[in-house]
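>>> Please work out how this folds:
(one chain, ligands or ions: 2)
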Amino acid sequence: MNILIVGAGGREHTLAWKIKQSPLCNELFIAPGNAGTALCGSNLQIETTDFEGLRKAVVSNKIELIIIGPEEPLVNGITDYFNLHAETRHVNVIGPSKNASQLEGSKAFAKSFMEHHKIPTAKYTGFTMENYSEGVDYIRKHALPVVLKADGLAAGKGVLICQSHIEALAEFELMIMRSKFGEAGKKVIVEEFLQGIEVSVFALSDGDNYVLLPEAKDYKRIGDGDKGLNTGGMGAVSPIPFFDAALREKINRTIIEPTIAGLKMDELDYKGFIFFGLMIANGNEPFVIEYNCRLGDPETEVVIPRLKNDLVEIFSAVGQRKLNEINIEIDERAAATIVAVSGGYPGEFKKGYVISGLENEPIEDSLVFHSGTLKEEEKIITNGGRVLAVTAFGADIREASEVGLYMLEQLYFEDMNFRSDIGYEFV
Ligand code: AMP
Ligand code: GLY
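Ligands and ions are numbered 1, 2, ... in the order given. Below is the predicted model:
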């Protein structure tokens, strides 16, 4: 069958690399893609939020399966859009409906969903302009640190962990009264701070059944030792050594199963990935920090390479609501991905530097995925903050990250920066 991946980052290159290996894949398209996805299929110059452009491409290229990578088109209703149009109704779209995508698109929606279905999460209250002064009182009495979250999508910047009441009150005012995060932040969730270790857990749902993918941990801070500014993600590892059978069982029973059942009960049509951002408190008490309606980036770069199954076969089972017939098989080895970023990122950075070393085959047990790259004439140049994601395998996380660092030494662009300690707590 002909397949379309929507998106342009490391996640989409990883999906393209995996899908291209399937004998079920005929032609593969990526919109808009990057220089890496162009090695796996044909890039289409269509933006992820250009629904009409995407629909025309789906029809003219006889596409039967679409995988939506990023959250924005999902929250804007791309899946409903394809279902609504007669000529694309038959297409198997991997990505939840607009209503169901509110699990990521609205933190207030996600919190009330969890409250309603008794899914463990931090205690919270929501505020808007209408009950602003109650919010001020609430924050004044709140234990520290206190967490403020913009309700809507805010490009990963809408969460503030405030160490003082003065800071929290100032931010609260900026968000509600001065639209710091635009419309997305005019509703604010104020919640308690959870202490623990964060883990990313991924399920794929067909609306009735689900399968679990390997868990992962991502590293968001720019600097070694988790220091410095937050980024889109500097690396990830999988599996997580402390993620044992007992913890897995507890997460399934208290979080994943009630989420899948809750979606059904609330008639939220969910065919696609669910990303559970969890905080594990005291080593064995899982709480949901957030839901995402898609795969994570850079978690995908370790999760998907560990999956042994044919991914197209899994997606076809989603379309037929037959995921119960799929047995997930996982590579036992550990995987680590290290992201090479542009100098200055996550602040200002330059684009357009030539990347060298990509012309050679990756070293054994490693893969090079592109995040922000562009092909210009015969050269591949940097085109974003996150530029490359190098994934490596090893017997354990130490070995995997050592192989990854060695692979990174074979690659170069000006001002290239990366963390050398991905997976540090587990080595
Ligand atoms: P999000 O944008 O929802 O992914 O949140 C960004 C990050 O903020 C998370 O990955 C956590 O590290 C942190 N965070 C969010 N909510 C809480 C909370 N209630 N307690 C502690 N940390 C949190
Ligand atoms: N790695 C976190 C995210 O994709 O949102």
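
>>> ok, and what's touching stretch 206-215?
Defining contact as C-beta atoms under 8 Å, 6 or more residues apart in numbering, one finds that stretch 206-215 is touched by 199-204, 238-240, 243, 252, 256, 260, 264, 269-271, 274, 302-304, 306-307, 314, 317-324, 326, 328, 330. For every residue, glycine as well, the C-beta is placed using N, CA and C.

>>> so after whichever strand or helix holds residue 200, what's the next helix or strand?
Per DSSP states H and E, residue 200 falls inside strand 197-205. Next helix or strand after strand 197-205 toward the C-terminus (DSSP H and E): strand 210-212.

>>> Which is the succeeding secondary structure element to that following strand?
Next along the chain after strand 210-212, taking DSSP H and E as the criterion, comes strand 217-223.

>>> between the top strand by length along the chain and strand 197-205, how big is the angle?
Taking DSSP state E as the criterion, the chain has its longest strand at strand 227-238. Following axes from the mean of the first three to the mean of the last three C-alpha atoms, to 10 degrees, one obtains 50 degrees for the angle between strand 227-238 and strand 197-205.

>>> Quick one: mean pLDDT over strand 227-238.
For strand 227-238, mean pLDDT is 95.

>>> so what's the closest residue to ligand 2 within the stretch 151-300 of the chain up against?
At 3.4 Å from ligand 2, residue 296 is the closest residue in the stretch 151-300 of the chain, using C-beta to the nearest ligand atom. When contacts are counted by C-beta under 8 Å, 6+ apart, residue 296 touches 11, 200, 202, 216, 218, 233, 236, 275, 303.

>>> try it again with 7 Å
Contacts of residue 296 were listed using C-beta atoms under 7 Å, 6 or more residues apart in numbering, and they are 200, 218, 275.

>>> buried residues in the longest strand of the chain?
Within strand 227-238, the residues scored as buried using 16 or more other C-beta atoms under 10 Å are 231-238.

>>> Helix, strand or coil: sort out the residue nearest the centre of the chain for me.
Centroid-nearest residue in the chain: residue 296, 1.7 Å away (criterion: C-alpha atoms, centre = their mean). Recorded secondary structure, residue 296: coil (DSSP: H, G, I helix; E, B strand; the rest coil).

>>> Next one, pLDDT for it please.
In this model, residue 296 is scored at 97, pLDDT.

>>> ranges for the helices of the stretch 51-200 of the chain?
Under the criterion DSSP state H, counting those that start in this stretch, helices of the stretch 51-200 of the chain are mapped to 51-60, 71-75, 78-84, 102-105, 107-116, 132-141, 165-176.

>>> Compare those and give me the one nearest residue 401.
Of all the helices of the stretch 51-200 of the chain, helix 71-75 sits nearest to residue 401, with 28.1 Å by C-beta to C-beta.

>>> what pLDDT, on average, does that closest one get?
Mean pLDDT, computed over helix 71-75, is 97.

>>> list the helices and strands that helix packs on?
Judged by 3 or more C-beta pairs under 7 Å, 6 or more residues apart in numbering; DSSP states H and E, the packing partners of helix 71-75 are helix 102-105.

>>> that older thread, just put the contacts of residue 296 in JSON lines and tack on pLDDT, distance to ligand 2 and neighbour count.
Formatted as JSON lines, the contacts of residue 296 follow (pLDDT from 0 to 100; distance: C-beta to the nearest ligand atom, whole Å; neighbours: other C-beta atoms under 10 Å):
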{"residue": "200", "pLDDT": "97", "distance to ligand 2": "7", "neighbour count": "25"}
{"residue": "218", "pLDDT": "96", "distance to ligand 2": "4", "neighbour count": "25"}
{"residue": "275", "pLDDT": "98", "distance to ligand 2": "7", "neighbour count": "23"}
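
>>> For residue 173, give me its contacts.
With C-beta under 7 Å, 6+ apart, residue 173 has no contacts at all.

>>> Quick one: the helices in the stretch 251-400 of the chain, in order.
Per DSSP H, counting those that start in this stretch, the stretch 251-400 of the chain carries helices over the ranges 257-265, 300-306, 311-319, 397-408.

>>> Since that was my last question, I'll sign off now.
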